[in-house]
Every structure is written in C-alpha cells, then in structure tokens.
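Trainee: sequence? don't have it. structure:
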Ligand SMILES: CC(C)(COP(=O)(O)OP(=O)(O)OC[C@H]1O[C@@H](n2cnc3c(N)ncnc32)[C@H](O)[C@@H]1OP(=O)(O)O)[C@@H](O)C(=O)NCCC(=O)NCCS
C-alpha cells in the first residue's frame, strides 16, 4: 500500500474502438444509447430507464467524470467514432484502490450485442487492467440466468469461484443468484502469449 496519488489512465484503444472515461458533453450519446437499448438492458441492469432525458444523461456523464478524477470508481464508455456502443468500468466494490481488487461491469448496446464485442472488450479490459492499472484481482458478477454474460467471462479465462444464492434482487424485485468469476494478475499473465 502507498499514499502516493493515483492518476487513472484515461483511455485505451481497441482496433476501431476507444474505451475511455466520460466527459462533459457525452450526455447526448448516452441518452441515445439508453433509448435504443432499454429493452435489451432492462432485464439485467437495474439502472436502465425507458426515457432518460438529455439533462439526466448529461448529469450522469459529469458524475462519472468527477468520480473518475477522484478515483472513487472508474466508469468507462465504449466508443466507435462518436457512437457510444457500450459501457464498462473498474468498480471499487470489493475494497479500496489499495487492495488491488476491482469488479468489471459491462453493457453492449442492442445494435452491437451478439457480435463478439463483449468478449473482445473484456479481453482488452484485462490486458489494460493488468498492465496500466494496479489491479491484482479482477472480478465479474452476473445473474445466473445471464448466459451471454457468463460466457464472456468464461471465454476470457476467468475462473468460476462460486455462486451466491439469493444474495440480491433482480429488476422485478425477486431474489436471484449471482455467479462470481475472477482472474488474478498472474493467471492472466500465464494465459497471455
Ligand atoms: C452480456 C453482454 C455484455 C455480452 O456482450 P456481447 O457482445 O453480446 O457478447 P458476445 O457477442 O461476445 O458473446 C459472448 C458469448 O455469449 C453468447 N451469447 C450472446 N448473446 C446471447 C444470448 N442472448 N443468450 C445466450 N448466449 C448468448 C455468444 O454466443 C457467445 O458465446 P459462444 O462464443 O459460446 O457462442 C451483452 O449481451 C449485454 O450488454 N447484455 C445486456 C446487459 C448485460 O447483461 N450486461 C452484463 C451484466 S453482468
């Protein structure tokens, strides 16, 4: 552990995509992505709203930007040119930055899902996370019914560590089970040519 200030890397390139922190002015792109993907996201993402206004979207982007600069959580957009086609992030849900633990979250827009993008973006997040960031352990949580999400984790070599039973609630308010997947820095290094 160290008291040195942490300056988070701001962006990462992946072929034609850029994974970067949000900025003031991103609200319109976020509003568009939410409006076109609501039905796709809603079963799994409790924060998805059917009619998020431009002002709400802009406020969310500015909050994400502020949190990023303060190193309280690291929410990232996935951009293809000016289109926001998904989101990801390193979330401090399992201890402070100094623990080296972070949880990766992800959504891919309805128009871009099912084309291998989630798998590619998670691979990029592991590579970036274990090289430019201080992470030692990266975790992925998903509803046990979310087969696409579980496959994205498995295909990237994350180990299924267990299943929490009825530990949280789905978007309808029903209790649901959660798979925990994780990968350690040395495991990632071993599986990476
Ligand atoms: C989950 C999600 C991030 C996956 O990203 P994606 O780009 O759609 O996934 P990929 O195209 O890389 O596919 C990964 C695997 O999931 C499978 N898959 C994709 N959509 C699926 C679906 N609807 N049902 C079952 N499996 C599915 C693919 O076939 C592939 O597995 P395979 O290689 O064994 O065939 C994306 O679908 C999404 O944003 N879903 C809604 C939000 C969400 O669930 N986020 C994750 C919360 S933990």
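Mentor: Thanks, I have it. All values derive from a computational prediction rather than experimental measurement.
Trainee: quick check: buried residues in the host helix or strand of residue 55?
Mentor: In this structure, residue 55 sits in helix 54-70 according to DSSP states H and E. For helix 54-70, a neighbour-count test (16 or more other Cβ atoms under 10 Å) marks 57, 58, 60, 61, 62, 64, 65, 67, 68 as buried. Every residue, glycine included, has its C-beta placed from N, CA and C.
Trainee: which residues sit against that helix?
Mentor: Residues from elsewhere that reach helix 54-70, judged by Cβ atoms under 8 Å, 6 or more residues apart in numbering: 8, 10, 21-28, 30-31, 34, 49, 52, 73-75.
Trainee: repeat that for 6 Å
Mentor: Identification of contacts with helix 54-70 by Cβ atoms under 6 Å, 6 or more residues apart in numbering yields 21, 22, 23, 24, 26, 27, 30, 31, 73, 74, 75.
Trainee: let me see the contact set for residue 92.
Mentor: Contacts of residue 92 by Cβ under 6 Å, 6+ apart are residue 73.
Trainee: kindly report the same for residue 124.
Mentor: residue 14.
Trainee: begin at 39 from now on, thanks
Mentor: From this message on, residue numbering opens at 39, which makes the last subject residue 162.
Trainee: quick check, pLDDT for it.
Mentor: pLDDT recorded at residue 162 is 98.
Trainee: which SSE is immediately downstream of whichever strand or helix holds it?
Mentor: Assigned by DSSP H and E, residue 162 falls within helix 155-167. Following helix 155-167 in sequence order, the next helix or strand is strand 175-181 (DSSP H and E).
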